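Student: Requesting a structural model of the entry that follows:
(one chain, ligands or ions: 1)
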Amino acid sequence: MTSLPVIPISPDVVAGAAASPRASMPPRHLADLDLSGRRELVTELGEPAFRAKQVSTHYFGRLVRDPAQMTDLPAAVRERLAEALLPTLLRPVREMVCDDGATRKALWRLHDNSLVESVLMGYPDRVTVCISSQAGCGMACPFCATGQAGLTRNLSTAEIIDQAVYLAGVAASGAVAGSPSRLSHVVFMGMGEPLANYARVIAAIRRLCAPAPEGLGLSQRHITVSTVGLVPAMRRLAGEGLSVTLALSLHAPDDDLRDELVPVNQRWKVAEVLDAAWDYAARTGRRVSIEYAMIKDVNDQPWRADLLGRLLAGRLAHVNLIPLNPTPGSRWDASPKPVEREFVRRLREAGVSTTVRDTRGREIDGACGQLAAAEEAP
Ligand code: SAH
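Tutor: Next comes the predicted model:
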C-alpha cells in the first residue's frame with residue numbers, strides 16, 4: 001500500500017477534549033441523572049418527589065419521550081417538569097430503512113446543529129441498536145467515514161441514551177418485522193470513540209442497564225463497547241465491575257500497518273493494546289471481540305492471518321472480520337471472498353474462533369464506518 005501521512009494524536013484528542021471551541025453541551029435531561037438525582041431536582045421545582053418516578057416510568061418504562069403524551073400529569077406540572085427534565089435533545093432529520101425493514105438508520109440534529117446517527121437492526125432472536133458516543137471522532141482512522149471529519153464534541157449521557165430509547169420505542173411499535181419487539185442489545189459502534197468520552201459513556205451504560213424506571217433494564221452482557229485501543233481507558237473499564245463486552249478494533253497484527261490504519265497505535269502498540277485486552281478478559285471473564293476490517297491487499301495477506309492467529313491463540317478472544325465498506329472516494333476496497341475465506345481458514349486452523357460480520361445497512365450508508373452524517377448544516 002502507499003504510505004499514509006502519520007497523523008499525530010495529541011493527548012487532548014485521546015481524552016476527547018479537543019472539541020471545537022464552539023462546541024456546547026446540551027441542557028440537562030432526566031437521563032443524565034440517576035433516580036435520586038431526579039427526585040432532588042423535582043423537589044427543588046416544588047413538586048412531590050414521586051413525580052420523578054412517574055416521569056421516569058414514562059421515559060424508560062414505556063419509552064414515551066414526548067411530555068405531551070404524559071397525560072397522567074396535570075398540564076401545568078407537565079410543562080414545568082418537561083422544561084427541567086425533558087428538553088428535546090435529538091431532532092430527527094431523516095430515517096432510512098433497508099433489508100426489508102430489518103435495518104433502520106436515524107440521522108439526528110443536536111441542539112448545536114451537530115449531526116449524529118444511530119442504527120436499529122432486527123434479527124430473529126434479538127434487536128440491536130448501534131449508537132454514537134461523540135459527534136464526529138478524533139481518532140482519524142483513514143478507512144472510516146467518521147474519522148475523516150474530526151471531532152466536534154462529546155455527547156452527553158442523555159444524548160447517548162436518548163438514541164437507544166427512541167429506537168427501542170420504534171422496535172416496541174412492531175416496526176421491525178420478524179424480530180422481537182423489545183430492544184435487547186446496544187453496541188457503541190456508531191460515531192465516535194466511546195472510551196474518549198469515558199465518564200459519560202460509563203454513566204450511559206449504567207443507566208441503560210439499571211432496571212426501569214431508573215433505566216432501560218438491559219443486561220450488561222448485551223452491551224458492547226468498541227474501542228481503537230485507548231489503553232489507560234481499557235484498564236479503567238476493566239475495573240468498573242461491569243460485564244460488558246469489549247471490542248477492540250485491531251485491523252492489523254503488526255505495528256507498521258496498524259500505525260497507519262489506527263493512528264492511535266503510534267501511542268499504544270499492538271502488544272500493549274492486546275495486553276490490556278487480555279487483562280480485561282481475565283478480570284471480567286468476558287471474551288474480547290477483535291474487530292478486523294478486511295481491506296484488499298492492505299491487511300488481508302495469509303502471513304497476517306498467521307501472525308494474528310499466533311497473537312490470539314489460547315486467548316479469550318473472538319475475531320470478527322468486517323468486509324471493508326469503502327467510504328466515498330476511498331482508494332481501498334473489501335477483500336475478495338476467496339481471500340477472506342482463506343483468512344478465516346488460517347485463523348481457525350490456529351484455534352481462533354472467527355466469524356465474518358454481516359453487512360447490514362449498506363444501502364443506507366448505515367454499515368460500519370459509514371456513519372458520516374453527510375448532511376449540510378443549515
Ligand atoms: N471508535 C470505535 C467505535 C466506532 S467504529 C472503534 O473504532 O472501535 C465501529 C467499528 O467499525 C470499528 O471496528 C471500526 O474500525 C469499524 N469501521 C470503521 N470504518 C469502517 C469501514 N469503512 N468498513 C468496515 N469497518 C469499519
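
Student: Give me the spatial nearest neighbour of S179, chain neighbours excluded.
Tutor: If the residues on either side of it in the chain are set aside, S179 comes closest to G122, at 3.2 Å by Cβ to Cβ, 6 or more residues apart in numbering. Bear in mind the C-beta positions are built from the backbone N, C-alpha and C, glycine included.

Student: Tally up the residues packed near the one you found, please.
Tutor: Other residues within reach of G122 by the criterion other Cβ atoms under 10 Å amount to 24.

Student: Any idea what it is bridged to?
Tutor: With DSSP bridges as the criterion, G122 is bridged to V127.

Student: and the nearest residue to R362 once chain neighbours are set aside, what pLDDT?
Tutor: With Cβ to Cβ, 6+ apart as the criterion, R362 has its nearest non-adjacent residue at 6.5 Å, and that residue is N325. On the pLDDT scale, N325 is placed at 90.

Student: N325 sits in which helix or strand?
Tutor: Secondary structure here is read from DSSP states H and E; on that basis N325 sits in neither a helix nor a strand.

Student: Tell me who's in contact with the nearest residue to D32 once chain neighbours are set aside.
Tutor: Once its chain neighbours are removed from consideration, D32 has its nearest residue in A158; the separation is 4.5 Å (Cβ to Cβ, 6+ apart). Applying Cβ atoms under 8 Å, 6 or more residues apart in numbering, one finds that A158 lies in contact with P26, R28, H29, L30, A31, D32, L89.

Student: what about the fifth one, how many neighbours?
Tutor: Taking other Cβ under 10 Å as the neighbour definition, A31 ends up with a count of 29.

Student: How about it: what's its closest non-neighbour residue?
Tutor: What sits nearest to A31 in space, not counting adjacent residues and going by Cβ to Cβ, 6+ apart, is A158, at 3.8 Å.

Student: did I read that right, the one you found in a strand?
Tutor: No. With the criterion set as DSSP: H, G, I helix; E, B strand; the rest coil, the secondary structure at A158 is helix rather than a strand.

Student: So which residues of the stretch 251-378 of the chain form strands?
Tutor: If DSSP state E, counting those that start in this stretch is used as the criterion, the strands of the stretch 251-378 of the chain fall at 288-294, 317-323, 353-356.

Student: how about those in JSON lines, adding distance to the ligand and mean neighbour count?
Tutor: Written out in JSON lines, the entries for the strands of the stretch 251-378 of the chain read as follows (distance: least, Cβ to the nearest ligand atom, whole Å; neighbours: other Cβ atoms under 10 Å):
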{"stretch": "strand 288-294", "distance to the ligand": "4", "mean neighbour count": "24"}
{"stretch": "strand 317-323", "distance to the ligand": "4", "mean neighbour count": "20"}
{"stretch": "strand 353-356", "distance to the ligand": "12", "mean neighbour count": "16"}
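
Student: picking that back up, isn't the residue nearest to S179 up against L167?
Tutor: No. In this structure G122 lies outside contact range of L167 using Cβ atoms under 8 Å: 10.5 Å.

Student: quick one: contacts for T354?
Tutor: Going by Cβ under 8 Å, 6+ apart, T354 touches H318, V319, N320, L321, V344, L347, R348.

Student: Dig out what it forms beta bridges with.
Tutor: Beta-bridge pairing of T354 under DSSP bridges involves V319.

Student: any idea how far A281 is from it?
Tutor: The spacing between T354 and A281, counted by Cβ to Cβ, to the nearest Å, is 17 Å.

Student: In contact with C209: list those residues for me.
Tutor: G215, L216, G217, L218, S219, Q220, I223.

Student: Show me those residues that map onto strands.
Tutor: Judged by DSSP state E, strands contain the following of these: I223.

Student: Which of the contacts of C209 are buried? Put it as a ChimeraX command.
Tutor: Here is the ChimeraX command that selects only those of the contacts of C209 that count as buried (16 or more other Cβ atoms under 10 Å):
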select :215,216,218,220,223
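
Student: Now do the buried residues in stretch 239-258.
Tutor: Going by neighbour count (16+ other Cβ under 10 Å), the buried part of stretch 239-258 is 242, 244-254, 257-258.

Student: For G329, state which of the residues you listed is nearest.
Tutor: H251 (19.7 Å; Cβ to Cβ).

Student: Return the per-residue confidence for that closest one.
Tutor: Looking at H251, the pLDDT reads 98.

Student: I figured it hits E291, correct?
Tutor: Yes. With contact defined as Cβ under 8 Å, H251 counts as touching E291 (7.1 Å).

Student: which secondary structure elements does the host helix or strand of A84 contact?
Tutor: Using DSSP H and E, A84 sits in helix 75-85. Contacting helix 75-85 under the criterion 3 or more Cβ pairs under 8 Å, 6 or more residues apart in numbering; DSSP states H and E are the following elements: helix 35-44, helix 50-56.

Student: Would you tell me which one of these is buried the most?
Tutor: For the helices and strands packed on helix 75-85, ranked by mean neighbour count under the definition mean count of other Cβ atoms under 10 Å, the leader is helix 50-56 at a mean of 20.

Student: elements contacting that helix?
Tutor: helix 35-44, helix 75-85.

Student: that older thread, from the contacts of A158, which would you call buried?
Tutor: Those of these that meet the buried threshold are P26, R28, H29, L30, A31, D32, L89, by 16+ other Cβ under 10 Å.

Student: In the stretch 1-150 of the chain, what residue comes closest to the ligand?
Tutor: C144 (3.4 Å; Cβ to the nearest ligand atom).
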